[in-house]
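**Q** Pasting a predicted model and its sequence here:
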Amino acid sequence: MKIITRFAPSPTGYLHVGGLRTALYNFLFARQNRGKFLLRIEDTDRSRLVLGADKKIIKILKDFGLKFDNKPVYQSKRLKIYQKYARRLLEEGKAYYCFCTPQRLEKMRQEQMKNKQAPKYDKACLKLTQQEIENNLKRKIPGVIRLKVPGNKTIKWQDIIRGEISFESKDVDDQVLIKSDGFPTYHLANVVDDHEMAITYVIRGEEWLSSTPKHLLIYEAFGWQAPKYAHQSLLLNPDRSKLSKRQGDVSVEDYLAKGYLKEALLNFLAIIGWTESKASSQEIYSLQELIEKFDLKRLNKSGAVFDLEKLDWLNGCYIRQMPLAKLVKLCQPYLPQIKDKKLLAKIVKVEQERLKKISDISQDIDFFYKEPDYNPELLIWKKSNRDAALENLVKLEDFLLSLPEKDFAEVEILEKNIIDWIKKNNYRVGDMLWPMRVALSGLQNSPSPFEIAWVLGREETLERIDKAQKKLK
RNA sequence: GGCCCCUUCGUCUAAUGGUUAGGACACCAGGUUCUCAACUUGGUAAUACGGGUUCGAUUCCCGUAGGGGCUACCA
């Protein structure tokens, strides 16, 4: 049987990173089995609907390389279908009309809670006669359709990730199937669509675990075969609660805007809660590799803290491996003040190994195009003194003056020249390099003096060293 | 409150009856042409607790504790 998975987000705003992880797992599982990966937009809640949110989700999936098959299915366009199926359940006596007011339901729930009972619908409307029901319908009294849940039954299934899970039907509420506005609830629409779309594997978050008995009951009422379920663990805040906006960024867009790479984020989402095998210590995976190696059964049962430090590390790995031209392109938006393409490329090259996020590129780089202002004391190396620093800068300037323009064309040549000169004269490297670097950058911490001089060029380098001498006098 | 799920270093995890309990991130220390970064070598650090089963339990069972999820005419 062909394996078909789906990602079924509701378009209520941004896409949560946990949602992206679910999409990834569904995508991987489908691809590695040469199956299909479908997209369904669950837009049955009109009050929470955000216009355009579906387009954003589709764009993100595309940008991340999670290509889905077929056209996306919109539940809001399938109202008649859900109603048809609900009617069938009604006719077969497996569902019933309920006209209870929200107020009555609320009151009932409160009382049940007070009596330490599980809040559940009391099936009051099940006692309605056919005549009463028809009268209510004729008078257009708002009502819903509920599933008639059998009383004493054990519902169990083999979850791919968690093994056997069982619930008692007495703990399952008579779930609303069709709301009073005619829209289906998640539960009905989800089951009907998974069935009609021939979904074979449902991979979803753990928050759906306690809804699964409801879904299984609906499948049973229709006489359909249920798909296989895999309930993955949740992404957590550092305090181990469900990853939420209150404690940091949760939307995919947020992470992208912060300068995380798509590849890194996807890689991170894949390895958080999953490891390839007992033997492997691999952490970096391309999407293609994940398709080959991902194993649903090896997903971890317990929730995983979304560890930003590890994401930063992983992102840094990806940045360091990236071809310069691509990185320059990504950095450009963060450095609008630098119009000179060559200068931009040089700065990015020098900063490449220092970046954790793309956005870091805007940190401490002003000195590359603007004369730095700094305290002259900074020019003095810890093992040196003011007079020596000045003297060394003079020597250095004299030497650099002797180097032709072409020696500034590559970092390596410049470096070799200066180091050879230091060695030949038996200078201490720190005596020369520290003041040089500070003269060029004005910073305590910065790239090496060779790299900065290479970016600045011969003329600017000499000028800054000259200025540094004046500061020390 | 009820129902369900989970529990190995700070974090992500490996090890499914026999290991000095392994790796990665983070942290600490050393190395590397001055600082930072990168790289590299090394180090600190965990089986929640209590009972079983067993010659032997991280591993299997029970209980306790802790954490999480759900408990809507939201998904």
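**A** Everything's here; your move. Since we're looking at a predicted model, the values are computed, not measured.
**Q** Figure out how far stretch A:331-351 is from the centre of its chain.
**A** Averaging C-alpha coordinates over stretch A:331-351 and over its chain gives two centres that are 27 Å apart (CA atoms, centre = their mean, to the nearest Å).
**Q** So which bits of that stretch are buried?
**A** Counting neighbours by 16 or more other CB atoms under 10 Å, one finds that the buried residues in stretch A:331-351 are A:331-332, A:334-335, A:338, A:343-351. Every residue, glycine included, has its C-beta placed from N, CA and C.
**Q** Mind listing residues that contact it?
**A** By CB atoms under 8 Å, 6 or more residues apart in numbering, the residues outside stretch A:331-351 that reach it are A:259, A:324-325, A:327-328, A:358-362, A:365, A:368-369, A:447, A:451-452, A:454-455.
**Q** Where do the strands of chain A begin and end?
**A** A:4-7, A:36-41, A:69-74, A:95-98, A:144-147, A:154-159, A:163-168, A:176-178, A:201-205, A:228-232, A:235-236, A:304-305 (DSSP state E).
**Q** What are the buried residues along the least confident helix or strand in chain A by mean pLDDT?
**A** Lowest mean confidence among the helices and strands of chain A (mean pLDDT, DSSP states H and E): helix A:102-114, at a mean of 88. With burial defined by 16+ other CB under 10 Å, the residues of helix A:102-114 counted as buried are A:Met108.
**Q** follow-up on the earlier one: for the buried residues of stretch A:331-351, which one is nearest RNA strand B?
**A** Proximity of the buried residues of stretch A:331-351 to RNA strand B, judged by CB to the nearest atom of the strand, is greatest for A:Glu351, which lies at 8.7 Å.
**Q** The contacts of stretch A:331-351, buried ones only, as a PyMOL selection?
**A** Buried members of those, defined by 16+ other CB under 10 Å, are picked up in PyMOL with:
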select buried, chain A and resi 259+327+328+358+359+360+361+362+365+368+369+447+451+452+454+455
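**Q** sorry, back to before: does RNA strand B sit close to the least confident helix or strand of chain A?
**A** Yes. Using CB under 7 Å from any atom of the strand, helix A:102-114 comes into contact with RNA strand B via A:Pro102, A:Leu105, A:Arg109, A:Met113.
**Q** Would you mind confirming that A:Tyr260 makes contact with A:Lys357?
**A** Yes. Counting by CB atoms under 8 Å, A:Lys357 is a contact partner of A:Tyr260 at 6.0 Å.
**Q** intersection of neighbour lists for these two?
**A** A:Asn315.
**Q** distance between the least confident helix or strand of chain A and the chain's centre?
**A** The answer for helix A:102-114 is 39 Å, by CA atoms, centre = their mean.
**Q** which residues are in contact with it?
**A** The contact list for helix A:102-114, computed with CB under 8 Å, 6+ apart, reads A:Ala118, A:Pro119, A:Lys120, A:Tyr121, A:Asp122.
**Q** what's near enough to touch the fourth one?
**A** Taking CB under 8 Å, 6+ apart as the contact definition, A:Tyr121 lies against A:Cys98, A:Cys100, A:Leu105, A:Met108, A:Arg146, A:Asp173, A:Asp174.
**Q** Just want to know which of A:Tyr260 and A:Lys357 has more residues nearby.
**A** Using other CB atoms under 10 Å as the criterion, A:Tyr260 and A:Lys357 rank with A:Tyr260 on top: 25 against 19.
**Q** mind checking how far the more buried one is from A:Glu276?
**A** 23 Å (CB to CB, to the nearest Å).
**Q** now do A:Val50
**A** For A:Val50 relative to A:Glu276 (CB to CB), the value is 37 Å.
**Q** Looking at those two, which is more packed in?
**A** Shown here are A:Val50 and A:Glu276; by other CB under 10 Å, A:Glu276 has more neighbours (19 against 13).
**Q** residues contacting the more buried one?
**A** Contacts for A:Glu276 (CB under 8 Å, 6+ apart) come out as A:Gln282, A:Lys293, A:Asp295, A:Arg298.
**Q** ok, back up a step: how about the buried residues of stretch A:331-351 in TSV, adding distance to A:Ile380?
**A** What follows is those, written out as TSV (distance: CB to CB, whole Å):
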residue	distance to A:Ile380
A:Cys331	34
A:Gln332	37
A:Tyr334	34
A:Leu335	32
A:Ile338	31
A:Leu343	30
A:Leu344	33
A:Ala345	33
A:Lys346	28
A:Ile347	27
A:Val348	31
A:Lys349	30
A:Val350	25
A:Glu351	26
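**Q** Output the below-cut-off pLDDT ranges for chain A.
**A** The model of chain A has pLDDT under 70 over residues A:278-279.
**Q** Show me how it divides into domains.
**A** Listed by automatic domain parsing, the domain ranges of chain A are A:4-68+A:186-236, A:80-178, A:324-363, A:376-472.
**Q** Mark which of the contacts of A:Glu276 are buried, thanks.
**A** For these, a burial check counting by 16+ other CB under 10 Å picks out A:Lys293.
**Q** which among the contacts of A:Glu276 are in contact with RNA strand B?
**A** Contacts with RNA strand B are made by A:Arg298 out of those, judged by CB under 7 Å from any atom of the strand.
**Q** and the contacts of A:Glu276, which of them are in helices?
**A** A:Lys293 (DSSP state H).
**Q** tell me which of the contacts of A:Glu276 is nearest to RNA strand B?
**A** Set against RNA strand B, the nearest of the contacts of A:Glu276 by CB to the nearest atom of the strand is A:Arg298 (5.9 Å).
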